[in-house]
Structures are given as C-alpha cells and as structure tokens.
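Trainee: can't give you the sequence, but here's the structure:
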C-alpha cells in the first residue's frame with residue numbers, strides 16, 4: 001500500500017519579486033507578506049532583516065557585518081494517490097530551504113530544509129477538526145488518533161526517494177514557543193542556538209510534531225528576546241553546522257518578529273522563568289505590513305478546503321493506506 005502514494009517537489013525562489021502561486025497556502029508566512037500595495041517593500045525589508053541577523057550571529061571573520069546573504073527557496077511537496085495519479089497533485093506541505101552565500105568567497109552552500117512549515121492537513125486538524133471536537137466540552141482535549149494521518153504522510157515523505165534525492169539532512173522546523181506554556185532556563189548554553197529553556201509540559205503542537213517523528217528543544221539565541229521552538233530528528237546540536245543553524249535562526253526569528261512582535265520584538269528579554277504572552281504591550285513593530293486577523297480567518301478557510309478536496313474525497317483510500325503504513 002505504501003507504493004500507492006508518491007511525492008514530487010516544486011521550488012520557487014523567495015525574493016523581492018516573489019508572487020504566490022495559485023496553489024500556495026495564503027496563510028503561509030512568506031505568502032502573506034507578498035500581498036497588497038506594500039508587497040515589494042515588505043519582501044525587501046524582510047530579506048534585509050534576515051541578512052542583518054545572520055551577519056550579527058556569524059560575526060567571526062566578518063568585521064563589517066556584511067559578509068553573508070541568505071537565499072530562500074519555497075519547497076512545495078505535492079502528493080498523488082496511486083489510483084488517482086492522472087488527477088492533479090495535492091499540495092501537501094510547504095517548507096523553506098535556506099542557502100548561505102559567502103560574498104567574500106563567492107561560495108553558495110545549501111542550508112537546512114524545513115524552517116517554516118505549512119500543511120493543508122494540519123490546517124484541517126487544528127482549524128476544523130479540533131474546534132469541532134471541543135465545541136461543547138468543558139475542558140480542552142484532542143480527538144482520538146489526532147494527527148496520526150498527517151504524521152504518517154510526513155514520515156512517508158521523509159522516507160521517500162524524493163526526499164533522499166533532494167536533501168542531505170533531516171529537516172528542522174522552527175516556530176514560536178507556545179503562549180499557553182511556561183519555560184525555565186536549564187543552564188545549558190549553545191554557542192549558536194543560545195540559552196536553552198525547558199517547558200513545563202508538552203503542548204498539543206509538540207504532540208502533533210511527535211507523530212511526525214520530531215522532538216523539540218527551546219533556545220533563545222544571542223540578543224534574542226524569547227526562546228524559539230526547534231523541532232528536529234536526530235541530533236539538533238550535532239548534525240548541523242553553525243552557519244546552517246544561523247540561517248534557520250535568522251530566517252525564522254525575522255518571521256516571528258513580524259507575526260508575533262509582542263513576544264519576539266518585545267523590549268525586554270525573557271528571564272530565567274518565562275511565559276510568552278500576546279497581550280504584552282511593551283514591544284516594537286517592524287516596518288512590515290501584516291494582518292494577523294486575516295491570516296487566522298484564512299487558516300479556517302484552508303482547513304475546510306483540505307476537508308472538501310482531500311480528506312473527504314479520499315477518506316477510504318487514506319484510511320486503508322494509513323492502516324498498512326509501516327512508517
């Protein structure tokens with residue numbers, strides 16, 4: 001049954017000329033920036049923030065803080081079901097891959113894939129299935145087998161020849177720390193990732209990523225103001241070079257400063273014990289236009305799109321495949 005699903009990859013450069021394709025999830029961080037009258041200035045400012053942060057962290061042999069640039073590719077993972085391979089592929093996942101450009105030597109090096117993570121099926125799970133499950137419940141809970149299908153699909157992609165042929169290392173996904181959990185410094189400090197924090201309990205997002213085979217650690221990089229959540233396979237600290245990690249930090253911290261300025265562009269840094277809050281009033285805004293309310297509404301619409309065009313039409317096929325899947 002595992003052979004009934006196949007994957008393909010499409011790449012698109014994220015630069016100041018980027019325009020989202022018709023199949024791109026418009027709630028995706030990078031797609032949301034490329035809309036409206038300010039789209040090109042948004043993109044220029046975002047990319048400048050990424051490069052500036054990268055050079056601040058990669059400070060060795062970089063006295064003018066301008067040695068490096070980060071290039072970003074949008075990686076769209078499309079999936080086709082065996083019996084429907086003549087039909088249009090479904091855009092399963094979108095991620096980013098970083099590339100590090102050393103302007104002094106001219107060398108261009110592939111960085112980590114993952115970084116941002118977007119998924120129609122996850123939109124369905126969190127924006128349609130989960131709210132419906134908790135509609136009339138006194139306390140929050142998740143449905144039985146919540147995230148199982150998404151996790152198996154992701155693991156199947158990771159195990160596929162498509163992934164192995166395109167990427168040399170496992171992905172790292174970097175997102176915001178949960179505002180519903182508290183975090184405590186544990187005394188560990190990494191030269192690039194920074195100060196490590198541990199949370200008081202797993203969040204529903206942590207449990208969801210665990211079904212994708214990923215564990216999580218939380219680090220606040222130098223001159224950052226809040227810990228970032230890093231989801232990974234293998235050894236986060238040992239499997240990646242300093243420049244690879246810096247490219248992920250500079251890219252995803254920039255997005256978080258834009259989307260969650262209350263946390264990641266706060267005017268005071270997290271202390272030894274920390275709980276993120278979107279109600280924080282002591283923060284600065286970037287010069288980038290962004291409508292967070294619109295993005296929240298679109299997540300529901302796209303979750304319903306996944307339900308109508310993927311979950312319901314192929315429910316029987318997907319359930320049969322998931323039952324047989326060895327991943």
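Mentor: Right, received. Where do you want to start? If you're wondering where the values come from, they're calculated on a predicted model, not measured in any experiment.
Trainee: every contact and neighbour count from this point should use C-alpha atoms.
Mentor: Noted.
Trainee: helices along the stretch 1-150 of the chain, start to end?
Mentor: Per DSSP state H, counting those that start in this stretch, the stretch 1-150 of the chain carries helices over the ranges 29-33, 39-57, 120-124, 130-133, 148-159.
Trainee: just those: most buried one?
Mentor: Using mean count of other C-alpha atoms under 10 Å, the stretch among those with the greatest mean number of neighbours is helix 120-124 (a mean of 24).
Trainee: phi, psi of the nearest residue to residue 280 once chain neighbours are set aside?
Mentor: The spatially closest residue to residue 280, leaving aside those adjacent along the chain, is residue 262, at 5.4 Å (C-alpha to C-alpha, 6 or more residues apart in numbering). The phi and psi values for residue 262, taken as degrees, to the nearest 10, are phi -60, psi -30.
Trainee: ok, residue 262 - contacts?
Mentor: Applying C-alpha atoms under 8 Å, 6 or more residues apart in numbering to residue 262 gives the contacts 277, 278, 279, 280, 281, 282, 283, 284.
Trainee: same thing but 7 Å
Mentor: Residues touching residue 262, when contacts are defined by C-alpha atoms under 7 Å, 6 or more residues apart in numbering, comprise 277, 278, 280, 281, 283.
Trainee: gap between it and residue 199?
Mentor: Here residue 262 is placed at a distance of 19 Å from residue 199 (C-alpha to C-alpha, to the nearest Å).
Trainee: pLDDT below threshold where in the stretch 151-300 of the chain?
Mentor: Residues of the stretch 151-300 of the chain that meet the criterion pLDDT under 70 lie in 291-296.
Trainee: could you redo the last one with a cut-off of 50?
Mentor: When residues are selected by pLDDT under 50, none of them lie in the stretch 151-300 of the chain.
Trainee: so which residues of it form helices?
Mentor: Going by DSSP H, counting those that start in this stretch, the stretch 151-300 of the chain shows helices at 161-166, 204-210, 242-259, 261-264, 292-306.
Trainee: the shortest one: how far from the chain's middle?
Mentor: Relative to the chain's own centre, helix 261-264 is displaced by 17 Å; criterion: C-alpha atoms, centre = their mean, to the nearest Å.
Trainee: could you do stretch 241-251 as well?
Mentor: When distances are taken as C-alpha atoms, centre = their mean, stretch 241-251 is centred 14 Å away from the chain's centroid.
Trainee: and stretch 106-126, by the same measure?
Mentor: On C-alpha atoms, centre = their mean, the centre of stretch 106-126 falls 5 Å from the chain's centre.
Trainee: next: stretch 116-127.
Mentor: Remark: stretch 116-127 is offset 11 Å from the chain centroid, using C-alpha atoms, centre = their mean.
Trainee: could you pull out the strands for the stretch 51-200 of the chain?
Mentor: Using DSSP state E, counting those that start in this stretch, the strands found in the stretch 51-200 of the chain span residues 68-81, 90-102, 108-119, 172-176, 183-190, 194-199.
Trainee: and those: which comes nearest residue 233?
Mentor: For the strands of the stretch 51-200 of the chain, the distance to residue 233 is smallest for strand 172-176, at 7.5 Å, taking C-alpha to C-alpha.
Trainee: within the sheet, what are the partner strands of the closest one, with directions?
Mentor: Each strand that strand 172-176 pairs with, and the sense of that pairing, follows from DSSP bridges: strand 108-119 (parallel), strand 228-232 (antiparallel).
Trainee: re earlier: by mean pLDDT, show me the worst of the helices of the stretch 1-150 of the chain.
Mentor: Between the helices of the stretch 1-150 of the chain, the one with the least mean pLDDT is helix 29-33; it has a mean of 64.
Trainee: any chance of the helices of the stretch 151-300 of the chain in CSV with distance to residue 5 as columns?
Mentor: Converted to CSV, these look like this (distance: least, C-alpha to C-alpha, whole Å):
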stretch, distance to residue 5
helix 161-166, 12
helix 204-210, 21
helix 242-259, 30
helix 261-264, 39
helix 292-306, 17
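Trainee: go through these and name the closest to residue 134.
Mentor: helix 204-210 (13.4 Å).
Trainee: so who does residue 135 touch?
Mentor: Under the criterion of C-alpha under 7 Å, 6+ apart, residue 135 has no neighbours.
Trainee: quick one: pLDDT of the one residue sitting closest to the centre of the chain?
Mentor: Per C-alpha atoms, centre = their mean, the C-alpha nearest to the average position across the chain is that of residue 116, at 2.4 Å. For residue 116, the model assigns a pLDDT of 92.
Trainee: what's the burial count for residue 70?
Mentor: Other residues within reach of residue 70, judged by other C-alpha atoms under 10 Å, total 25.
Trainee: that one reaches residue 99, doesn't it?
Mentor: Yes. Taking contacts as C-alpha atoms under 7 Å, residue 70 lies within contact range of residue 99: 5.7 Å.
Trainee: tell me the buried residues in stretch 89-105?
Mentor: Buried residues in stretch 89-105, counted by 16 or more other C-alpha atoms under 10 Å: 89-101.
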